[in-house]
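**Q** following is a predicted model, sequence given first.
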Amino acid sequence: MKLVTRHKSSLIWILFCLTLVFVFSGQVVTNVSAIPREDYENLETFTSILSIVKKNYVDEVTSKDLITGAINGMLSSLDPHSAFLTPDLYKDLQMDTQGRFGGLGIEITIKNGVLTVVSPIEDTPAYKAGVKAGDQIIKIEDEFTKDMTLVDAVKKMRGNKGTKITISVKREGIAELLNFNLVRDTIRVQSVRSRVLEEGYGYVRLAQFQERTDRDLQKALETLSKEKGGLKGLVLDLRNDPGGLLTQAVRVSDMFLESGMIVYTEGRLESQKQKYFAHKEGTWSNFPIVVLVNGGSASASEIVAGALQDHKRAVILGTKTFGKGSVQTILPLDDNSALRLTTARYFTPKGRSIQATGIVPDIVIENPVVIPETKVEDKNRPSLREENLPGHLRNPNTKPEAPKPPEQNSKPEQAPDEDSKTVQPTPPSEGTENDAQLKRALELLKGWDVFKQLVLTNKAD
């Protein structure tokens, strides 16, 4: 009994020290105060459970593993985007923002306990093989993903260039599992792609908001403006762009706005209350813009779309966006790990919170989803959005809703291996004929140019 008591006191002291480490490393508070009695009692309960588990669990476990598991559980109980990043994951995150990492090239999340694809990254093994947003990853190699954490799933799918991996997915409308035999590659995410749609009309695709996105976008616009016919209209494609750096979202918006607020953030601390404004210098303002969005447009993409929409600088076209209206701050720790903690909500210039609601386009146009294996257009395929994620932050501009009943058949059954099917790569088309949203955007830009010419002619008369 005395041994347990000494062990308990020692663990309480360790946890107290850990609390101070988190406070100082994150630099999220300015005053250190004594731990409230209620918190101390809760820590004592925790250490008691820790001691019981270490002594009685069927396999031997270390305090480090148990505390790490407790940290992960604590953060996952807050919201879907707060997490503890091990040194390896923290390093991966830094590589992600630089646009280079090793793996398959898919953005994933957990929905209803199932590992689910948010969107594939362009020109990556997963994208070329035909992995789609909304696909449920049932197996990675021979291991079922049921109850697998997001961190573990990322670890299993990342790897060295040239190594092979098979993932099995359940897709809406297809009974059997689909097996994707993939070869890992060094994923170099090209943040900005551009091309001429027709003379005078440019197209720019932003795949992700990385450290160089604003500079690459500037170069793309300069190149398009030098093409024959100049730049009379621009399609800015943010579809399936999962977001990235807040600073880059601000800089991209600033490139198209001469003045006014771009976005502001609201958190509990004064340092988390920030306002970002546009500047006239270097603004591209002499042509109309149509911004394309869909359910895979999230976070930084929604900041740009919301700012351009509120300032009436662009027409937003497509379907409702993902709805991630929260800001995550990376707080490094002394052991090269880090916390990714949700610290604020962001709002559009007109005070709209996008959290769990998304950006509603000015013009709503569905893009039929073509399933390569069946050539069937599935217009009713559900989209994964922030509001579907368990534990998501509520939108402060909306009233709390009554709890919804759980979705029926939300967890796919594990189909036997012999009923699965291997998918062959199906590269996507880059034309406008098979892209209803892009085609409509081009029509709008050309119509605006005709309208402007008519107005000028009438004024001259």
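**A** Perfect, thanks for sending it.
**Q** domain parsing for the chain?
**A** Domain ranges of the chain: 2-61, 100-187, 189-397+433-452, per automatic domain parsing.
**Q** of all these, which one is nearest residue 67?
**A** Closest of those to residue 67 is domain 2-61, at 7.6 Å (criterion: C-beta to C-beta). Every residue, glycine included, has its C-beta placed from N, CA and C.
**Q** and the closest one, what's its mean pLDDT?
**A** Across domain 2-61, the average pLDDT comes to 62.
**Q** now stretch 103-110
**A** The pLDDT scores in stretch 103-110 average 86.
**Q** identify the residue nearest the residue nearest the centre of the chain in space, chain neighbours excluded?
**A** Geometric centre of the chain, nearest residue: residue 242, 3.7 Å, by C-alpha atoms, centre = their mean. Distances taken as C-beta to C-beta, 6 or more residues apart in numbering place residue 107 nearest to residue 242, at 4.6 Å, with adjacent residues excluded.
**Q** as TSV, the domains of the chain with distance to residue 82 would be great.
**A** Converted to TSV, those look like this (distance: least, C-beta to C-beta, whole Å):
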stretch	distance to residue 82
domain 2-61	12
domain 100-187	12
domain 189-397+433-452	5
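**Q** what about stretch 338-356, start to end distance?
**A** Using C-alpha to C-alpha, to the nearest Å, the end-to-end distance of stretch 338-356 comes out at 26 Å.
**Q** going forward, begin numbering at 31 instead of 1
**A** Will do, 31 is the new start, and the previous item becomes stretch 368-386.
**Q** now it: buried residues?
**A** Across stretch 368-386, burial judged by 16 or more other C-beta atoms under 10 Å covers 368-379, 382-386.
**Q** just those: which are in strands?
**A** 368, 369, 370, 371, 372, 373, 374, 375, 376, 377 (DSSP state E).
**Q** so which of these would you say is closest to residue 279?
**A** Lowest distance from residue 279 to these (C-beta to C-beta) belongs to residue 376, with 9.1 Å.
**Q** that older thread, next up, the contacts around the residue nearest to residue 272.
**A** Residues in contact with residue 137 (C-beta atoms under 8 Å, 6 or more residues apart in numbering) are 147, 148, 149, 150, 151, 272.
**Q** next, find the distance separating it from residue 102.
**A** Between residue 137 and residue 102 the computed distance is 20 Å (C-beta to C-beta, to the nearest Å).
**Q** and what of residue 370?
**A** For residue 370, the distance to residue 102 (C-beta to C-beta) stands at 12 Å.
**Q** check the secondary structure at residue 339 for me.
**A** Three-state call for residue 339 (DSSP: H, G, I helix; E, B strand; the rest coil): helix.
**Q** next, count neighbours for it.
**A** 23 (other C-beta atoms under 10 Å).
**Q** what segments of this protein are helices?
**A** In the chain, helices defined by DSSP state H lie at 32-56, 67-86, 93-106, 117-128, 155-159, 180-187, 243-255, 276-284, 330-340, 466-490, listed in chain order.
**Q** from memory residue 240 sits against residue 275, does it?
**A** Yes: taking contacts as C-beta atoms under 8 Å, residue 240 lies within contact range of residue 275: 6.9 Å.
**Q** ok, and the closest non-adjacent residue to residue 114?
**A** Distances taken as C-beta to C-beta, 6+ apart put residue 101 closest to residue 114, at 4.9 Å, once the chain neighbours are dropped.
**Q** do you know how far that neighbour is from residue 473?
**A** With C-beta to C-beta as the criterion, residue 101 and residue 473 are 52 Å apart.
**Q** who has more neighbours out of these two?
**A** Using other C-beta under 10 Å as the criterion, residue 101 and residue 473 rank with residue 101 on top: 16 against 12.
**Q** got a winner among the contacts of residue 137 for most neighbours?
**A** residue 149 leads the contacts of residue 137 on contacts (other C-beta under 10 Å) with 27 neighbours.
**Q** from residue 414, how far off is that one?
**A** Per C-beta to C-beta, residue 149 is found 9 Å from residue 414.
**Q** neighbours of the nearest residue to residue 96 once chain neighbours are set aside, how many?
**A** Closest residue to residue 96 apart from its sequence neighbours, by C-beta to C-beta, 6+ apart: residue 80 at 5.7 Å. Here the number of neighbours of residue 80 (other C-beta under 10 Å) works out to 20.
**Q** same thing with the one 5 residues further on?
**A** Here the number of neighbours of residue 85 (other C-beta under 10 Å) works out to 9.
**Q** separation between it and residue 96?
**A** Distance of residue 85 to residue 96, given as C-beta to C-beta: 12 Å.
**Q** ok, residue 304 next?
**A** From residue 304 across to residue 96, the span is 37 Å (C-beta to C-beta).
**Q** likewise for residue 314?
**A** Distance, residue 314 to residue 96, using C-beta to C-beta: 54 Å.
**Q** one more: residue 312?
**A** Plainly put, residue 312 is 53 Å away from residue 96 if you go by C-beta to C-beta.
**Q** neighbour count: these two, which is higher?
**A** Using other C-beta under 10 Å as the criterion, residue 312 and residue 96 rank with residue 96 on top: 17 against 9.
**Q** looking at it, residue 332 is touching residue 386, isn't it?
**A** No: Residue 332 is beyond contact range of residue 386, at 11.6 Å (criterion: C-beta under 8 Å).
**Q** which neighbours do those two share?
**A** In terms of C-beta under 8 Å, 6+ apart, residue 332 and residue 386 are both contacted by the residues 353, 355.
**Q** returning to what we had before: roughly how far does the residue nearest to residue 96 sit from residue 102?
**A** Per C-beta to C-beta, residue 80 is found 15 Å from residue 102.
**Q** over to residue 302?
**A** 24 Å.
**Q** cool, and residue 424?
**A** Noted for residue 424: a distance of 23 Å to residue 102, by C-beta to C-beta.
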